[in-house]
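Student: coords please:
(one chain, ligands or ions: 2)
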Amino acid sequence: MKITVVGTGYVGLVTGTCLAETGNHVCCVDIDERKVNKLRNGQITIYEPGLEKLFERNLKEERLSFTTDLKEGLEDSEIVFLALPTPPGEDGSADLKYVLGVADHIGKLLKDYKIIIDKSTVPVGTAEKVHAAIAKNYNGEFDVVSNPEFLREGVAVEDFMKPDRIVIGTTSERAKVLLTELYGPYVRQGNPIIFMDERSAELTKYAANAFLATKISFMNEIAQMCERLGADVDMVRKGIGSDERIGKRFLFPGIGYGGSCFPKDVKALVYSAKEVAYDFAILDAVTEVNERQKIHLVSKIRRYFNNDLAGKKFAVWGLAFKPNTDDIREAPSLEIISALLESGASVCAFDPEAVNNVKQIFGDRINFAETQYDCIENADALIVATEWNEFRTPDFDKILSLLKDPVIFDGRNVFDVQVMEKKGFHYESIGRSSVNQPKFV
Ligand SMILES: NC(=O)c1ccc[n+]([C@@H]2O[C@H](COP(=O)([O-])OP(=O)(O)OC[C@H]3O[C@@H](n4cnc5c(N)ncnc54)[C@H](O)[C@@H]3O)[C@@H](O)[C@H]2O)c1
Ligand SMILES: O=c1ccn([C@@H]2O[C@H](COP(=O)(O)OP(=O)(O)O[C@H]3O[C@H](CO)[C@@H](O)[C@H](O)[C@H]3O)[C@@H](O)[C@H]2O)c(=O)[nH]1
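Tutor: Ligands and ions are numbered 1, 2, ... in the order given. The predicted structure is shown next:
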């Protein structure tokens, strides 16, 4: 099939590349000329494990192309994906100007039947708005379908190629037939395509993200209770996770959820609720708990240093909002670093992939190290902010010899409490009892 993907950011590039991988011809459109030129020249614009190989292969075999010209991008295609940003406005609402702007443009260019697919995360009712925006200028036949994307950064290729489920919101039989054919190669593992109406599909995406964010905030509150009551959140997590009704996944406490989706989508659902005169009380608390959790580690650091961080040097391992990505959107590490700088401390950071993105935010206000060990030289303490695999089994003797004092604040619970204490570290983590970590009151 010939497919157009409008918006070649995270979702657009993964979608375009993975659709080309199963033999489709995909033209990706983006207004960012620099990005398009880079991609055309074979330079991938995001770090995502496994994507580069697929990208290079499909570009070389001419199944994948890039343009800034929407008219050129739409030529001969049957299916048009919109993978455009839906950033939060001041009030938390999802800003639809990109999606509706492109829909308006598409309406002026359409000449024959196409399926326009919302892959962006959009509020309920957007498919109708997209339909209206196109119909203003085109009175031929077309369908607008809601097909939310559930991929996770860091494992995006696998999530796209072998999805748990594909949700398709449409009542058009023609669209159902074409999309069943398109997604055939991806659902052969037995995972279903779930057809529903457009509004339910749009809400499904927000419900999924809000539910997962709720799970995380809930566990962060349980961790807070553990710290006050002398219990161990790892034990509690295992204890509840083995109940199939609860499940083992997404029960890891830490320094709060970040990324381009959970924070914005939780707020957008709260806003949508307000619009229909409903107070989505749980979700306000989910956001509040997350904000608190992001600076919880800083409170522990302040307590340890008797509230005097001026002149202290901190090493930060991990900047990305999660491992295996260079994405730093809403990364908790950024808030921790800002709080340390405001208190007069200095920071040296290391991340395997995200340094260039963080440089654009902090410039020369922080230092960056080439290796995880260079980073900790002479630091008063090490802070772990992202659980990259290379941080899990480090050379502890080397850490002991490089740090000024053997002090570690671990926001991701990557190390074993007993092992750390035996090695002589002052080690504080999240929700785990330890000799060093006094009850947090
Ligand atoms: N990032 C994720 O993991 C993820 C997962 C599922 C869903 N989503 C949702 O998918 C949507 C896209 O997210 P993203 O992370 O890929 O965003 P992104 O910011 O990485 O990419 C968006 C792209 O759209 C381009 N763009 C903006 N206006 C355009 C226009 N008029 N014409 C063509 N291109 C234009 C931008 O230049 C950019 O390259 C959002 O609604 C997001 O909530 C994201
Ligand atoms: O037990 C957990 C799991 C995750 N996180 C944090 O939660 C955030 C989000 O993690 P994750 O969901 O793995 O990453 P995303 O790539 O943001 O993916 C989410 O957001 C996407 C965009 O909407 C959806 O498509 C995905 O299904 C959804 O998982 C990160 O900061 C994680 O550190 C925790 O703190 N504890």
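Student: give me every residue in the stretch 51-200 of the chain lying close to ligand 2.
Tutor: Thr121, Glu149, Phe150, Leu151, Arg152, Glu153 (C-beta under 6 Å from any ligand atom). (Each C-beta comes from the backbone N, C-alpha and C, glycine too.)
Student: restricting to those, which residues neighbour ligand 1?
Tutor: Okay, of those touching ligand 1 (C-beta under 6 Å from any ligand atom), that's Thr121, Glu149, Leu151, Glu153.
Student: what about the residue nearest to the last one when sequence neighbours are not counted, neighbour count?
Tutor: Okay, so that is Glu153. Closest residue to Glu153 in three dimensions, ignoring its sequence neighbours and counting by C-beta to C-beta, 6 or more residues apart in numbering: Thr325, at 4.4 Å. Thr325: 25 surrounding residues under other C-beta atoms under 10 Å.
Student: name the SS class of Thr325, please.
Tutor: coil (DSSP: H, G, I helix; E, B strand; the rest coil).
Student: any weak-confidence spans in this protein?
Tutor: Along the chain, segments meeting pLDDT under 70 span 434-441.
Student: quick one: the strands in it?
Tutor: 2-6, 25-29, 64-67, 79-82, 115-118, 143-146, 166-169, 193-196, 313-317, 346-350, 367-368, 381-384, 407-410, 426-428 (DSSP state E).
Student: out of the ones you listed, which is closest to Arg303?
Tutor: strand 426-428 (9.0 Å; C-beta to C-beta).
Student: residue of the stretch 201-350 of the chain nearest ligand 1, please.
Tutor: Going by C-beta to the nearest ligand atom, ligand 1 is nearest to Ser260 of the stretch 201-350 of the chain, at 4.8 Å.
Student: contacting residues around that residue?
Tutor: Tyr10, Asp327, Arg329, Glu330 (C-beta atoms under 8 Å, 6 or more residues apart in numbering).
Student: ramachandran coordinates for it?
Tutor: Taking degrees, to the nearest 10, you get phi -90, psi 0 for the backbone angles of Ser260.
Student: for ligand 1, what are the nearby residues on the stretch 51-200 of the chain?
Tutor: Ala83, Leu84, Pro85, Thr86, Tyr98, Gly101, Val102, Ser120, Thr121, Glu149, Leu151, Glu153.
Student: and the two most separated of these?
Tutor: Gly101 and Glu153 (25.3 Å).
Student: which one of these two has more residues nearby?
Tutor: Set side by side, Gly101 and Glu153 show more neighbours around Glu153, with 25 against 13, by other C-beta under 10 Å.
Student: follow-up on the earlier one: can I get the residues of the stretch 51-200 of the chain next to ligand 1 in JSON lines with distance to Ala310?
Tutor: Listed next are these as JSON lines, based on distance: C-beta to C-beta, whole Å:
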{"residue": "Ala83", "distance to Ala310": "46"}
{"residue": "Leu84", "distance to Ala310": "45"}
{"residue": "Pro85", "distance to Ala310": "39"}
{"residue": "Thr86", "distance to Ala310": "41"}
{"residue": "Tyr98", "distance to Ala310": "44"}
{"residue": "Gly101", "distance to Ala310": "48"}
{"residue": "Val102", "distance to Ala310": "50"}
{"residue": "Ser120", "distance to Ala310": "45"}
{"residue": "Thr121", "distance to Ala310": "42"}
{"residue": "Glu149", "distance to Ala310": "45"}
{"residue": "Leu151", "distance to Ala310": "43"}
{"residue": "Glu153", "distance to Ala310": "36"}
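Student: from the residues you listed, list just the buried residues.
Tutor: Ala83, Leu84, Pro85, Thr86, Tyr98, Val102, Ser120, Thr121, Glu149, Leu151, Glu153 (16 or more other C-beta atoms under 10 Å).
Student: please flag which of those sit within helices.
Tutor: Tyr98, Val102 (DSSP state H).
Student: and this protein, what are its domain boundaries?
Tutor: 2-194, 212-428 (automatic domain parsing).
Student: that older thread, tell me who's in contact with the residue nearest to Glu153.
Tutor: Ile46, Tyr47, Glu48, Glu153, Gly154, Glu353, Ala354.
Student: what's around the third one, how many residues?
Tutor: To tie it back to what came earlier, the one meant is Glu48. Glu48: 25 neighbours (other C-beta under 10 Å).
Student: and for the closest residue to Val316 other than its chain neighbours, the neighbour number?
Tutor: Sequence neighbours aside, Ala349 is the residue nearest to Val316 in space, at 4.3 Å (criterion: C-beta to C-beta, 6+ apart). Residues within reach of Ala349, counting by other C-beta under 10 Å, total 24.
Student: all good on my end, thank you.
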